[in-house]
Structures are given as C-alpha cells and as structure tokens.
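Asker: From the sequence below, what's the structure:
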Amino acid sequence: QILSQIDAQRKRTAGSSAYHIADYGTADAGTSLGLLTKMVQGVRSKLADDDKEVVIHYEDQLTNEWQSVFNHFLGNKRVQDAYGNDVPTPFGLGNVFSEASGVGFHEQCYPSNSIDYGVSFTAMHWLSAFPGSLRGKKSMHAAQCETRPTPEKDQAADDWLAILKARSKELVSGGQFCCVNFCVSKEGYFLGQTD
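Answerer: Presented below is the predicted three-dimensional model:
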C-alpha cells in the first residue's frame, strides 16, 4: 500500500529537491529499516532517478537510545528478517541521509511543508501525559480494563488530535502519513492478551 501511494504522489514543485521521509517513534530504527529501504527504491523507481537524494528523519523522545538508530541506519548493526536474511539499509543505497529529532511526535517535529511521507509503527500508544487513573491497579494498561478509564481515553483523544495537527503542518501538499498501531480486536485480543 505504501509503495503504491508513493507511486501515486505528484512530484514536489517547491522546497527541497530531496524526498523526505519521517519515521515517528522510531525506537531503535530496526522495525522500519526494510520498509524505508523499499520506500527509497520506490521513490527512485517512480522518478527514474537512481541517484535521487532522500532524507530519512528519525523521531523519538529525547531519552531514546539514539546510538542504535544510527548503527542500524548505517548498517553497523544488522537486522535480520524472520528467515535469517540480513535486511538492507537505506544508507547502503547511496545518497540517503539521516537526521534525528528528540522533540516527540505529540508536537510539530519538522518544518512546515517539509515531509513527503511519514510513517509510524506501534508508537502512538504513548500518551503525552499520564492521567494516573491506573496507578495502584492490577491492570498494566487500559486495554486490560473491562471498561476503558475515561482519563486515559480523554488523554488519548487529545493526543491523537495534536498528532494529526502536527503532521498536517509538516506534510507537503499531497504528502502521506501511515500509522500502524496497537488495537483491541472484537474478540478482546491485544498484544500480550491472546489464547
């Protein structure tokens, strides 16, 4: 889906000549490594330009372990897929640059009209503030509660609106944002809670 969306994007007519990808809540950058490599290849294929400059913007909280991010990106720390194959790095393609932001995705992290495509994988469950209604309870997080606690629901709704507003400022006209997040299935399953 992401690669077909890149293929359908119109070419940027103003601003940077490079294509800019943001990875929000990147953690150690290992989760997105293979996809980001494919995204760079997709951009270059679409434009018929094997040397197209691409900038990957890694975003996470200030206290993130940033050394692993750059070691993954540079290929100094290898990632393997489920079959034991090394996952290629975007940096290995050449003319791919990296930057990092420790601002936090609840706020605007990058200049307005600067990001062509943003991705986030299993990061948006982090709240900007801790309401505290689960403190001292046996439930570790709201997904374990029979009824979702209102303070956490309200905080999550406020945060989601702030996240979308921030991304809408950062994205160029025609830019895309793909967010994959944890959820609770209709059967009540979620990460850590299955049969």
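Asker: C-alpha from now on. contacts and neighbour counts both.
Answerer: Noted.
Asker: tell me the pLDDT at the residue nearest to Leu74 when sequence neighbours are not counted?
Answerer: Using Cα to Cα, 6 or more residues apart in numbering and skipping the chain neighbours, the partner closest in space to Leu74 is Phe91 (5.7 Å). Looking at Phe91, its pLDDT reads 97.
Asker: Now Phe91: phi and psi?
Answerer: Taking degrees, to the nearest 10, you get phi -60, psi -40 for the backbone angles of Phe91.
Asker: Any idea how many residues pack against it?
Answerer: Neighbour count of Phe91, defined by other Cα atoms under 10 Å: 21.
Asker: ok, now Phe130?
Answerer: 12.
Asker: That one: which element?
Answerer: Per DSSP states H and E, Phe130 falls between elements, in no helix or strand.
Asker: And the residue nearest the centre of the protein?
Answerer: Ser120 (2.2 Å; Cα atoms, centre = their mean).
Asker: Check for me that it belongs to a strand.
Answerer: Yes: counting by DSSP: H, G, I helix; E, B strand; the rest coil, one finds Ser120 located in a strand.
Asker: just checking, the residue nearest to Leu74 touches Phe73?
Answerer: Yes: with contact defined as Cα atoms under 8 Å, Phe91 counts as touching Phe73 (6.1 Å).
Asker: got the buried residues for the longest helix anywhere in the chain?
Answerer: Ranked by residue count under DSSP state H, the longest helix found in the chain is helix 150-170. By neighbour count on 16 or more other Cα atoms under 10 Å, the buried set for helix 150-170 is Glu152, Ala156, Asp159, Trp160, Ala162, Ile163, Leu164, Ala166, Arg167, Ser168, Lys169, Glu170.
Asker: This completes my enquiry, with thanks.
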